[in-house]
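Enquirer: here are the coordinates; sequence isn't available:
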């Protein structure tokens, strides 16, 4: 089913560099935040760091699972 | 378009070669780094440790002179280099002991003493431990400073590979939605999708951990610069003085330093004549209380003859950079959940390395796969494919 859907994706119009990099930049900033938060203080800041640094992991799993 | 294609070819070349050269070493670093994230837990599991006495919080601590003497009694005719407070275990202190003052501190034995009674606990031989072997493989591959700097160079190539990877990522996903994984397509397409996806998701983490690792390989050099720079400056008036005949009290040196730098606690003391102090001073290194400030040290130099404070300054930016790059590399500043996240990100990095390697190997296996790979790439770059 998903294999049928992917040629459709390929026919999408070409994206600009800005469109391609928008999500990666947001994710990179979240990761940078995650790396810094836990340095500030323990407690809530640690938790904030765990959440933001888990986002890339979660997205990786979701994207792979969706495309299978 | 033409010049764009040309510069893209150049970036592809940079990405290919920077990755290929460092991949084997990065795999070694990722694999050995994985257990190192949990080195405390592994050591605790594999090795017995004499328990320190149970003391209530805020109980008076042992006299430091007595504690060091207890440790030294087990190592006759040897000298203390450093006294170290355990960041995670306030019940114990470590005394780093060398054969002589100018012996290489990395060969020192570490003796554990009870922070409250001052009694000797144990002096485990770390060099036989699994975590030590992993650490040596991870930091210098048992090849000393040369190995360390070489791994640093590989780390720089890794960072170059990440940056060039971003550049070649852009045209290769031009027609794809973010996060596309084409599970129904041939293996090489799936590898490319996994490589692209994991690579772009982890960009910031791999860059930060990679580059802070590189900075860590320069630690020996940074400390040397500090020794001949700020430390020499602070102790200039003592340069021609003979070393003290009898050392003043260590405990009072720490007390004087604590009074001189209020709001901070001692992290470690460098004994007179060691690499981190002068021959006439105790170097008392104080630290703050938050995850960040606990890594930022501030030394107070205590005259080891009179026991008085000579000088105390903030460390220069290049030492602070080194100190701050350590937690960011180790991932040990946010409790067990952060360590687990660090480990998962490390495994995903291995996936990036392996899929990258497979993609390269595959394009050399057969002419058919080469042409398929080229077609695939050109199709995603958006050029017309002659068919």
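Expert: The structure has been received and is ready for your questions. Just so it is clear, the structure is predicted and the values come from calculations on it, not from any experiment.

Enquirer: any idea how far chain A is from the spatially most central residue of chain B?
Expert: The residue lying closest to the centre of chain B (Cα atoms, centre = their mean) is residue B:326, at 4.4 Å. From residue B:326 over to chain A the distance is 11 Å, taken as Cβ to the nearest Cβ, to the nearest Å. In this view, the C-beta of every residue, glycine as well, is placed from N, C-alpha and C.

Enquirer: quick one, what contacts that residue?
Expert: With contacts defined as Cβ atoms under 8 Å, 6 or more residues apart in numbering or on different chains, the neighbours of residue B:326 are B:212, B:216, B:295.

Enquirer: do residue B:146 as well
Expert: Shown in contact with residue B:146 (Cβ under 8 Å, 6+ apart): residue B:140.

Enquirer: so for it, what's the pLDDT?
Expert: Here, the pLDDT recorded for residue B:146 equals 97.

Enquirer: where does the chain dip in pLDDT?
Expert: Because you didn't say which chain, this covers chain A. Applying pLDDT under 70 to chain A flags residues A:1-12.

Enquirer: actually chain B
Expert: Ranges of chain B meeting pLDDT under 70: B:1-2, B:364-387.

Enquirer: what ranges does it have for its helices?
Expert: Secondary structure of chain B (DSSP state H): helices at B:2-37, B:39-46, B:64-73, B:130-139, B:144-172, B:187-201, B:203-217, B:219-226, B:232-234, B:250-260, B:317-330, B:335-362, B:367-381.

Enquirer: for the residue positioned nearest the centre of chain A, which non-adjacent residue is closest in space?
Expert: Geometric centre of chain A, nearest residue: residue A:56, 4.5 Å, by Cα atoms, centre = their mean. Closest residue to residue A:56 apart from its sequence neighbours, by Cβ to Cβ, 6 or more residues apart in numbering or on different chains: residue B:201 at 4.0 Å.

Enquirer: my read is that that neighbour contacts residue A:26, right?
Expert: No: using Cβ atoms under 8 Å, residue B:201 is not in contact with residue A:26; the gap is 11.5 Å.

Enquirer: can you pull the phi/psi pair for whatever residue of chain B ends up closest to chain A?
Expert: Nearest to chain A in chain B, going by Cβ to the nearest Cβ, is residue B:184, at a distance of 2.4 Å. Dihedral pair for residue B:184: phi -90, psi 0, per degrees, to the nearest 10.

Enquirer: number of nearby residues for it?
Expert: Residues lying near residue B:184 (other Cβ atoms under 10 Å in any protein chain shown) number 16.

Enquirer: same deal with residue B:145?
Expert: The burial count for residue B:145: 11, using other Cβ under 10 Å.

Enquirer: nearest residue to it other than its sequence neighbours?
Expert: According to Cβ to Cβ, 6+ apart, the nearest residue to residue B:145 is residue B:220 (6.0 Å).

Enquirer: for that neighbour, give its distance to residue B:275.
Expert: 10 Å (Cβ to Cβ, to the nearest Å).

Enquirer: more neighbours, the two?
Expert: residue B:275 (17 against 14).

Enquirer: so that one sits right up against residue B:105, yeah?
Expert: Yes: shown here, residue B:275 and residue B:105 form a contact pair, counting by Cβ under 8 Å, at 6.2 Å.

Enquirer: once you drop chain neighbours, what's closest to residue 20?
Expert: All of this is about chain A. In space, and not counting its chain neighbours, residue A:20 is closest to residue B:170: 5.3 Å by Cβ to Cβ, 6+ apart.

Enquirer: if you could check chain B rather than the one you did, that'd help
Expert: Once flanking residues are discounted, residue B:20 sits nearest to residue B:360: 6.5 Å by Cβ to Cβ, 6+ apart.
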